[in-house]
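**Student:** Below is the sequence, then the predicted model.
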Amino acid sequence: MSVRLSSPEEYAKLLDQYDTWMFDCDGVLWHGDRLIDGALDVLRLLRERNKKILFVTNNATKSRRSYKGKFDQLGVEANVDEIYGSAYAAAVYISSVMKLPKDKKVYVIGMAGLEEELRNEGVSYIGGTDPADNTLEPFTLENFTLDPDVAAVVCGLDTRVNYTKLSIAFQYITRNPGCQFLCTNEDSTYPSANGLLPGAGAISAPLRYALGKDPLSIGKPAKTMLDCIQAKVHFDPKRTIMVGDRLNTDILFGQAGGVSTLLVMTGITQETDITGPNASPIIPDYITSSIKDLSAAK
Ligand SMILES: O=C(O)[C@H](O)[C@H](O)COP(=O)(O)O
Ligand SMILES: [Mg+2]
């Protein structure tokens, strides 16, 4: 049973109980480029209390460096080494876990942030933002030359996805022996500034269907994301809390990592998802309406 937080005493107790605060971003701190009311105050309060803050996002459109730029623009204090995005986690997985040979490359369905993280990890790639792939011209195999060095396809949120990219990715996974099918995350929807949009999971879905197989997903709730964080940051799971707006990514991620979980209702999760006949079996430790509520602990 989740604890629905309401009193200043409860929020004060929560702040005392946890030294490390992991924050999801979309739907918790912001909607698109709009900060959620109270987010700034609460992050400042936690810093004043010398809490460790980590930002753990499945949004693969940005690199850690470009997220730092977004935080700066929004006036939020954040350091690059506090930021863990699924683009970064995917690049680290390909370079350090898969150990992609240097003469091999990745075909990307995704945006500049994912490409930047791949470059940072020394991973060669094709596709992505390449104008040749961002075309609405019909795709024909006659004009396509298979690159034998492509050993993986990685798929992330791509607002310029098209039939050409899906077709090329399909060629590599079906025709290059051992070519891996990866995705940065599987979120079905994305909470933008002006409402819900299809998420990264909707970008890889056509490929899943055409291939009849699922990709290996790197982002929350997968352990690969936690491994990526624990490789860089030490934290005591018993004194760590994950704050998120989505049950099947953020809350599952926290539970899998053995940390406590706080669900906020400013993003994906609706009341009907947590109460009533269709309530999810995923039960967060705590629930509160918004990150803003935590400022009652002052
Ligand atoms: O479609 C996506 O990639 C997700 O909706 C989105 O990016 C989630 O980001 P998060 O809530 O993990 O910050
Ligand atoms: Mg979110």
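**Tutor:** Thanks, I have the structure now. Ligands and ions are numbered 1, 2, ... in the order given.
**Student:** helix/strand/coil for the nearest residue to Asn162 once chain neighbours are set aside?
**Tutor:** Sequence neighbours aside, Leu136 is the residue nearest to Asn162 in space, at 6.4 Å (criterion: Cβ to Cβ, 6 or more residues apart in numbering). Every C-beta, even on glycine, is put in place using the N, C-alpha and C of the backbone. The three-state assignment at Leu136 reads coil, by DSSP: H, G, I helix; E, B strand; the rest coil.
**Student:** which one is the residue in the stretch 1-150 of the chain positioned nearest to ligand 2 nearest to, not counting chain neighbours?
**Tutor:** Using Cβ to the ion, the single residue of the stretch 1-150 of the chain nearest to ligand 2 is Gly27, 3.7 Å away. Nearest residue to Gly27, sequence neighbours excluded (Cβ to Cβ, 6+ apart): Gly267, at 2.0 Å.
**Student:** Quick check: phi and psi on that neighbour?
**Tutor:** With angles defined as degrees, to the nearest 10, Gly267 sits at phi -130, psi -120.
**Student:** Might you report the residue contacts of whatever residue of the stretch 101-250 of the chain ends up closest to ligand 2?
**Tutor:** Residue nearest to ligand 2 within the stretch 101-250 of the chain: Asp245 (4.4 Å; Cβ to the ion). Listed by Cβ atoms under 8 Å, 6 or more residues apart in numbering, the contact set of Asp245 reads 24, 26-28, 191, 263-269.
**Student:** For Ser96, state which of the residues you listed is nearest.
**Tutor:** Asp24 (23.9 Å; Cβ to Cβ).
**Student:** separation between the closest one and Gly244?
**Tutor:** Between Asp24 and Gly244 the computed distance is 4 Å (Cβ to Cβ, to the nearest Å).
**Student:** Spit out the residues that contact those two alike.
**Tutor:** Common contacts of Asp24 and Gly244 (Cβ under 8 Å, 6+ apart): 220, 250, 267.
**Student:** Surely the first one and Val56 touch.
**Tutor:** In this case it means Lys220. Yes - with contacts counted by Cβ atoms under 8 Å, Lys220 reaches Val56, the gap being 6.7 Å.
**Student:** what residues does this structure put near ligand 2?
**Tutor:** Applying Cβ under 5 Å from the ion, we find that the chain lies next to ligand 2 at 24, 26-27, 245, 267.
**Student:** Return the entry from the residues you listed with the maximum number of neighbours.
**Tutor:** Of all the residues of the chain next to ligand 2, the highest neighbour tally under other Cβ atoms under 10 Å goes to Asp24, namely 27 neighbours.
**Student:** which ones are touching that residue?
**Tutor:** Listed by Cβ under 8 Å, 6+ apart, the contact partners of Asp24 are 56-58, 220, 242-246, 249-250, 267.
**Student:** Next one: whichever residue of the stretch 151-298 of the chain sits closest to ligand 1, what pLDDT does it get?
**Tutor:** Among the residues of the stretch 151-298 of the chain, Gly199 lies nearest to ligand 1; the distance is 2.8 Å by Cβ to the nearest ligand atom. As predicted, Gly199 sits at a pLDDT of 98.
**Student:** What of Lys298?
**Tutor:** In this model, Lys298 carries a pLDDT of 81.
**Student:** Ramachandran coordinates for the residue nearest to Gln171 when sequence neighbours are not counted?
**Tutor:** Among residues not flanking Gln171 along the chain, Leu146 sits closest, at 5.9 Å (Cβ to Cβ, 6+ apart). Geometry field for Leu146 lists phi and psi as phi -70, psi 130, criterion degrees, to the nearest 10.
**Student:** How much space separates Leu146 from ligand 1?
**Tutor:** 29 Å (Cβ to the nearest ligand atom, to the nearest Å).
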